[in-house]
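Asker: Sharing a sequence plus its predicted fold:
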Amino acid sequence: MRSSPRFGELLINHHLELLIYLQPGHDKRIRIGYLRGMDMGSPSGDDPILHASERRWRLFGRSHLPYRILLLAKMIDRATSQHVREKASMTLAEWRVISHVELMGRCSASEIAEAAFVDRAEVSRAVGVLERRHLVQREPNPRNRKSSLISLTDEGKRIYAAVREERGRMYEDWLSDLSEEERGQLDSELRRIMRRVVLTDPVG
């Protein structure tokens, strides 16, 4: 069996055309990117991770814009996952619960799952972890005896505020190349796509 690549080692599999890049300062994570057709002299500079991301972006072209939206969402999820893991020792699912409870107020796991468009079982597991850490608390739901209402504890609110402040700066950095007018236009166009997806989805 082939041994794992050492830190700082660069391996290229010419059959799969994958780049495996291990670099100090990146949490020892394996970076994978498609190489075929990649212009190493592009404006991306010498960063292989950025090159890989540009390659993914160009893989299907403008005719597959939904793919690009999904790809960007995955990149944001990955960045968020790393950030909340480092700053609050949370998974992405746990941060999602914390955020939705703060924004929605007291709510059930089902309401969080519906709002976040995720599986209820994932939300329930995250709530269990957060409750054991005393970051959320439950109380009986007067509208449904089979469920509980979830709210943040004082410690949960403190951690949310600290992490959210940093995330706000990250959001601003991600959007720094767009003017206020462009941001508004982008939001409007994405909403139009969302509405069309919902209206044409046979499953609903």
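Answerer: Thanks, I have it. Here the structure is a predicted model, which is why all the values come from computation and not from measurement.

Asker: so who does the spatially most central residue of the chain touch?
Answerer: For the chain, Asp77 is the residue whose C-alpha lies nearest the centre (C-alpha atoms, centre = their mean; 1.1 Å). With contacts defined as C-beta atoms under 8 Å, 6 or more residues apart in numbering, Asp77 is in contact with Leu92. Any C-beta I mention is one placed from the backbone N, CA and C, and that applies to glycine too.

Asker: quick one: Ile150 is in a strand?
Answerer: Yes: secondary structure of Ile150 (DSSP: H, G, I helix; E, B strand; the rest coil): part of a strand.

Asker: what is it paired to in the beta sheet?
Answerer: Beta-bridge pairing for Ile150 (DSSP bridges): Cys107, Arg138.

Asker: just the helices in the protein please.
Answerer: 48-58, 65-88, 92-104, 109-116, 120-132, 154-174, 180-200 (DSSP state H).

Asker: Check which residues of the shortest one are buried.
Answerer: By neighbour count, and taking 16 or more other C-beta atoms under 10 Å as the criterion, the buried residues in helix 109-116 are 109, 111-113.

Asker: Might you list the low-confidence residue ranges for this protein?
Answerer: 1-46, 202-204 (pLDDT under 70).

Asker: what residues are up against Val118?
Answerer: Applying C-beta under 8 Å, 6+ apart, the residues contacting Val118 are 93, 96.

Asker: I'd like the numbering to begin with 29 instead of 1 from here.
Answerer: Okay, using 29 as the starting number, the last item reads as Val146.

Asker: Asp201: how many residues sit nearby?
Answerer: 9 (other C-beta atoms under 10 Å).

Asker: roughly how far apart are it and Pro76?
Answerer: 22 Å (C-beta to C-beta, to the nearest Å).

Asker: any idea how far Tyr199 is from Val155?
Answerer: From Val155 across to Tyr199, the span is 25 Å (C-beta to C-beta).
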